[in-house]
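# need a structure here:
(2 chains)
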Protein chains: 2
Amino acid sequence: MTEKRISSAVIKRLPRYYRYLSELLEKGIDRISSQELSRTMNVTASQIRQDFNNFGGFGQQGYGYNVAVLREEIGKILGLDKKYNVIILGAGNLGQALANYGGFSKRGFIVSGIFDVNPDKIGQKIGTVQVRHMSELQNFFENNKVDIAALTLPKAKAPEVANELVALGVCAFWNFAATDLNLPAHVVVENVHLAESLMRLSYNIANLDKK
Amino acid sequence: MTEKRISSAVIKRLPRYYRYLSELLEKGIDRISSQELSRTMNVTASQIRQDFNNFGGFGQQGYGYNVAVLREEIGKILGLDKKYNVIILGAGNLGQALANYGGFSKRGFIVSGIFDVNPDKIGQKIGTVQVRHMSELQNFFENNKVDIAALTLPKAKAPEVANELVALGVCAFWNFAATDLNLPAHVVVENVHLAESLMRLSYNIANLDKK
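Numbers count the residues shown, from 1 in each chain, chains lettered A, B, ... in the order given. Got it, this is the predicted structure:
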C-alpha cells in the first residue's frame, strides 16, 4: 500500500490528519464522514477524499471512515508503527522540554540519551534519563542503537556535532539550531527554525491591516 | 516598496534570506553576488534574483548585493524594524526556553510577561521577568501593550486561554500547543506543531531506503 510514490503536498498533510484522528479517538468517535472531517479540519471534503485515495481510500460509501483503521494506516505511512531511539544534544530548556514531553514516547519516540558539555548538567536526571558528557558519545553508540539525534545546542556548535554523529552512524536529525546543516545525501534533516517562524508571524502582523 | 502584493512562496523564503544575510554580516562580509549567495544557500541564483526583483532588486550589475542594505530591506518587509511585546503563557521548559533565548530580543521581540497557574512557578524569575498567575492577565493588559502571545501550555487549555486573550485584544499568536485554534479572522496564528514535525521526520526515515 505504501509502495506508490505519494506527493510531498499530501505527505505534509498526513501528520495533521493523524493528529485529528487521534483526537477523535480520544473523544470516543469511531467513524466519521469526509464532510464531518472537512468541517473539523477546515479542509474541503474533496481534498480529503483525494488525499485518502492516494493510499487506498479506506472509506466506505454511506459509512464514512473508520477512525481507528484510518489512523493506523496513516500512522504506518508515517512510520509510526516503529520505535525510534532518540538522543538529545543540548540539555538546556529546549532539550529538557523535548525530553519531558510525554506525547513523543506515546508515539514511539523514546529518549535514550541526553548529552551536554556543561559540568553543572552532567549527571542531572531529566525524566528518567541522566545527562551525559558529550565526550561519552562514542562509548554510548557502542552500546546503543540511535535512530534520531535532536540538536538543541547553539548554532555555532551544531555543524561540528552533527558531523560527529553522522560519522557514528546517525541518519536522521531533528535540528533546532538556527543553522542549516550540510550533511551527506543519505541523511534526513527536519528543521525547526523558531526564529524564522517568529519572522513569519511578524510579517503577518505587519500586514494585518491589509488582510 | 512593500505596497505590492508578494506571493506567499516568496514570503516563506524571506526569513531564511534574512538569517543568511545576518550570518554574512556577522562574518564581516558586506557584499555578495547572487551566485555566491546561491552556493551558500543552496538555492538557484535565478531564484534569488527573481525573489529580490519582487521588491525592487537591490542588486547592482557587477557589484552584487550590499548585504547590510538587503538585510535591512528584507527586515522591513518582515516587520523586523518594529518592536513587539511578547507574553508567554505557560512557564514550563518550552516557555522558559523561549524566554531565555537571546536571539528573539535582538530582533525586537521583547518578553514582557510570563504566566502560569502552577503555584511553584509564580514569582520565579525567568531571565528578567517574574512569572505571574494567569488570573492577573486582565490587570496586566490594563498596564501593558501586548503584541504577541506565545502559547506553551497543554492543548486542553490552549483554546480557552486563546479566547480570553483575543477578548483582551491580542491579534497575534505563536502557538506551540498541539491543537489548531479557531480564532476570529482578524487574528493571525503561527503554529509550531512539534509532533507533526517529528512525524515528517519519521516518514522520511521510513522512506530513507527509497531515497
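
# where are the low-confidence patches of chain A?
A:1-5, A:56-62, A:209-211 (pLDDT under 70).

# Check it for its longest strand and report it.
Longest strand in chain A, counting residues (DSSP state E): strand A:109-116.

# quick one: that one near chain B?
Yes - Strand A:109-116 reaches chain B (CB under 8 Å from any CB of the partner chain) through residue A:109. For every residue, glycine as well, the C-beta is placed using N, CA and C.

# try stretch A:135-152
Yes - applying CB under 8 Å from any CB, one finds stretch A:135-152 touching chain B at A:147-148.

# Give me the buried positions along that stretch.
A:137, A:140-141, A:146-152 (16 or more other CB atoms under 10 Å in any protein chain shown).

# which helices and strands sit right next to the lengthiest helix in chain A?
With secondary structure taken from DSSP state H, chain A has its longest helix at helix A:8-26. Applying 3 or more CB pairs under 8 Å, 6 or more residues apart in numbering or on different chains; DSSP states H and E, one finds that helix A:8-26 contacts helix A:34-41, helix A:45-53, helix A:67-77, helix B:194-206.

# which of the ones you listed sits most buried?
Among these, helix B:194-206 has the highest mean neighbour count (mean count of other CB atoms under 10 Å in any protein chain shown), at a mean of 21.

# so, in contact with chain A or not, that helix?
Yes - contact of helix B:194-206 with chain A (CB under 8 Å from any CB) involves B:194-206.

# related to what we said a few turns ago, which residues does the longest strand of chain A contact?
A:83-92, A:95, A:98-99, A:104-105, A:122, A:126-127, A:129-134, A:136-137, A:140, A:144, A:146, A:148, B:198, B:202 (CB atoms under 8 Å, 6 or more residues apart in numbering or on different chains).

# what does stretch A:121-136 give?
A:89, A:91, A:95-96, A:99-100, A:111-117, A:140, A:161.

# closest to chain B among those?
Set against chain B, the nearest of the contacts of stretch A:121-136 by CB to the nearest CB is residue A:96 (4.5 Å).

# Can you give me the distance of the nearest residue to that closest one once chain neighbours are set aside to residue A:205?
Of all residues not flanking residue A:96 in the chain, residue B:93 sits nearest, at 4.5 Å (CB to CB, 6 or more residues apart in numbering or on different chains). Separation of residue B:93 from residue A:205 (CB to CB, to the nearest Å): 26 Å.

# quick one: the host helix or strand of residue A:96 to helix A:194-206, angle?
Assessed by DSSP states H and E, residue A:96 sits inside helix A:93-100. If you take axes from the mean of the first three to the mean of the last three CA atoms, to 10 degrees, helix A:93-100 sits at 100 degrees to helix A:194-206.

# residues making contact with helix A:93-100?
Contacts to helix A:93-100, defined as CB under 8 Å, 6+ apart, come from residues A:88-89, A:91, A:104, A:111, A:114, A:116, A:126-127, A:129, A:150, A:152-153, A:176, B:92-94, B:96-97, B:100, B:194.

# from the residues you listed, which would you call buried?
Among the contacts of helix A:93-100, the ones that count as buried by 16+ other CB under 10 Å are A:88-89, A:91, A:104, A:111, A:114, A:116, A:126, A:129, A:150, A:152-153, A:176, B:92-94, B:96-97, B:194.

# Tell me how far stretch A:117-134 lies from the chain's centre.
Averaging C-alpha coordinates over stretch A:117-134 and over its chain gives two centres that are 23 Å apart (CA atoms, centre = their mean, to the nearest Å).

# Show me which residues of it are buried.
Those would be A:121-122, A:126, A:129, A:131-132, A:134, for stretch A:117-134 by 16+ other CB under 10 Å.

# what's the span of that stretch, first residue to last?
From its first residue to its last, stretch A:117-134 covers 6 Å (CA to CA, to the nearest Å).

# And for stretch A:112-126?
Distance across stretch A:112-126, first residue to last, is 11 Å (CA to CA).

# Over to stretch A:53-69?
Using CA to CA, one end of stretch A:53-69 lies 15 Å from the other.

# Stretch A:50-69 now?
End-to-end distance for stretch A:50-69, by CA to CA: 18 Å.

# now swap in stretch A:116-134 and tell me
5 Å.

# Kindly report the same for stretch A:51-69.
Terminal-residue distance, stretch A:51-69 (CA to CA): 16 Å.

# swap in stretch A:161-181?
10 Å.

# ok so, going back, looking at the helices and strands packed on helix A:8-26, which is closest to residue B:29?
Of all these, helix B:194-206 sits nearest to residue B:29, with 31.2 Å by CB to CB.

# That closest one: how far from the chain's middle?
Centre-to-centre, helix B:194-206 and its host chain are 21 Å apart (CA atoms, centre = their mean).

# could you give the angle of that helix to helix A:67-77?
60 degrees.

# what does the helix or strand containing residue A:142 contact?
Taking DSSP H and E as the definition, residue A:142 sits inside helix A:137-143. Outside helix A:137-143, the residues that touch it by CB under 8 Å, 6+ apart are A:87, A:113, A:115, A:132, A:146, A:164-165, A:168-169.

# Which strands or helices does the helix or strand that it is followed by pack on?
Of the helices and strands lying after helix A:137-143 in sequence (DSSP H and E), the nearest is strand A:148-151. Where contact means 3+ CB pairs under 8 Å, 6+ apart, strand A:148-151 is packed against strand A:84-89, helix A:158-167, strand A:172-175.

# Give me the distance between residue A:19 and residue B:11.
Distance of residue A:19 to residue B:11, computed by CB to CB: 25 Å.

# In the buried residues of stretch A:135-152, find the pair that's most separated.
Within these (distances taken as CB to CB), the two that end up farthest apart are A:141 and A:152, at 18.9 Å.

# ok so, going back, what's in contact with the helix or strand following the helix holding residue A:96?
On the C-terminal side of helix A:93-100, the closest following helix or strand by DSSP H and E is helix A:102-106. The contact list for helix A:102-106 (CB under 8 Å, 6+ apart) reads A:86, A:98, A:111, B:178, B:195, B:198.

# Residue B:34: which of those is nearest?
Closest approach to residue B:34 among the contacts of helix A:102-106 (CB to CB): residue B:198, at 35.0 Å.

# separation between residue A:142 and residue A:164?
Residue A:142 sits at a distance of 14 Å from residue A:164 (criterion: CB to CB).

# next one: residue A:77
Distance, residue A:77 to residue A:164, using CB to CB: 32 Å.
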